[in-house]
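>>> Need a 3D model of the sequence below.
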Amino acid sequence: MKRPFGHAGVGRTAKLRDVIEARDTGSPGATPEGGQDFWPADKPEGDRKRPNRKILYGAGAAVAAVVVAVAAVVLLGGGDGGSAPKNVLPTAYTPDFSGEGFTRIASRDVDKRPITEAEALGGDAKTLASGKYSFTLAASNLTADCKSVTWGARLQGDLAKYGCSQILRGAYVSADKKYVGQFIVVNLASEDGVKQVQRDLDKATGAGWVRPLNPPGVPAFGAGFSAAYAKTYGHYAVVTWVERAGGVQPASLNEMIDVSLVIEKPADFVWGRLDLVGGGKRR
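Next up is the predicted model:
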């Protein structure tokens, strides 16, 4: 049974706050890259609790580096009809290793049925809306050949090592074509594999990444500024990767997180997997 949108979103917003703040305070598990505001002017908006927008994985370079990345949009043809670079990385990246609430499906041994596109990206997942944001699924791709839709020898090696059986990708575009997003699910043999893949996705490792899906008629994804968030859903790694059309740097990281929460909605299919494993019993 699918859970209402917002169940996962609220939890992930709080988790992002915890993860980002841990890096900035030197808490256990903190990365050495954190520690300064990327947008110092960011403040909470309204009554909704938001993460303290600190610099994320992959955004540790000077602002000048982002300027160079955005300038690359012009050179690489960002925007509708353009083309994104082949081996692209997000500018900012935050993983969530906790897996809280999904221990019952930490192993694929108890959840053997393969994902289908209809299950994860059908029905309500074809159109996503929250607040001022509205998105439509522009294209989807499901493959059992995990190597074919990724790049990087180390990432591809770990995908094979940890039993990647499927990668599902969905490309979304906003109604006004101002935002584009990627919804990605990696089906692995165990939660251990999910955590390793999330570590690989940190651009500091140089391990590689999943290739974005770039359907015709949609602003090209990958050039310029983008932000990605990865979460542990049992033996599934779920990645949401978003950007303004053309890779233009957003005024605030709040904007990217809000867009990401909308794009994460298809992950509701995992709650259905939990129900099946639990014999229909809900937590």
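>>> And the strands in this protein?
All strands of the chain, identified by DSSP state E, fall at 92-96, 127-130, 133-143, 150-151, 166-174, 179-187, 209-210, 227-233, 236-244.
>>> Ala106: which of the ones you listed is closest?
strand 227-233 (8.9 Å; CB to CB). C-beta here means a position set from N, CA and C on the backbone, and glycine is covered the same way.
>>> Against which helices or strands is that closest one packed?
Applying 3 or more CB pairs under 8 Å, 6 or more residues apart in numbering; DSSP states H and E, we find strand 227-233 packed against helix 7-25, strand 92-96, helix 191-200, strand 236-244, helix 253-263.
>>> Deepest in the core, which of the strands of the chain is it.
With neighbours defined by mean count of other CB atoms under 10 Å, none of the strands of the chain is more surrounded on average than strand 236-244, at a mean of 27.
>>> residues in contact with that strand?
90, 105, 178-188, 193-194, 197-198, 201, 210, 212, 221-222, 224-231, 250, 256, 259-261, 263-264, 267, 270 (CB atoms under 8 Å, 6 or more residues apart in numbering).
>>> Can you tell me how far Trp209 is from Ala129?
Trp209 sits at a distance of 28 Å from Ala129 (criterion: CB to CB, to the nearest Å).
>>> bridging residues for the closest residue to Asn141 other than its chain neighbours?
Distance criterion CB to CB, 6 or more residues apart in numbering; nearest residue to Asn141, sequence neighbours excluded, is Arg169 at 4.9 Å. Counting by DSSP bridges, Arg169 forms beta bridges with Asn141, Ile184.
>>> I'd guessed Arg169 sits against Val186; true?
No - assessed by CB atoms under 8 Å, Arg169 is found out of contact with Val186, at 9.9 Å.
>>> Could you name every residue contacting both of these two?
In contact with both Arg169 and Val186: Val210, using CB under 8 Å, 6+ apart.
>>> and Ser226, what does it touch?
Ser226 touches 88, 90-92, 241-243, 247, counting by CB under 8 Å, 6+ apart.
>>> Can you list phi and psi of it for me?
Torsion angles at Ser226 (phi, psi; degrees, to the nearest 10) stand at phi -140, psi 160.
>>> Could you report the pLDDT at the residue lying closest to it once chain neighbours are set aside?
In space, and not counting its chain neighbours, Ser226 is closest to Glu243: 3.7 Å by CB to CB, 6+ apart. With respect to pLDDT, Glu243 has a value of 97.
>>> Gln249 too?
93.
>>> Tally up the residues packed near it, please.
Number of residues near Gln249 (other CB atoms under 10 Å) recorded here: 18.
>>> Does it touch Gly224 like I think?
Yes - when contacts are counted by CB under 8 Å, Gln249 is listed as touching Gly224 (7.3 Å).
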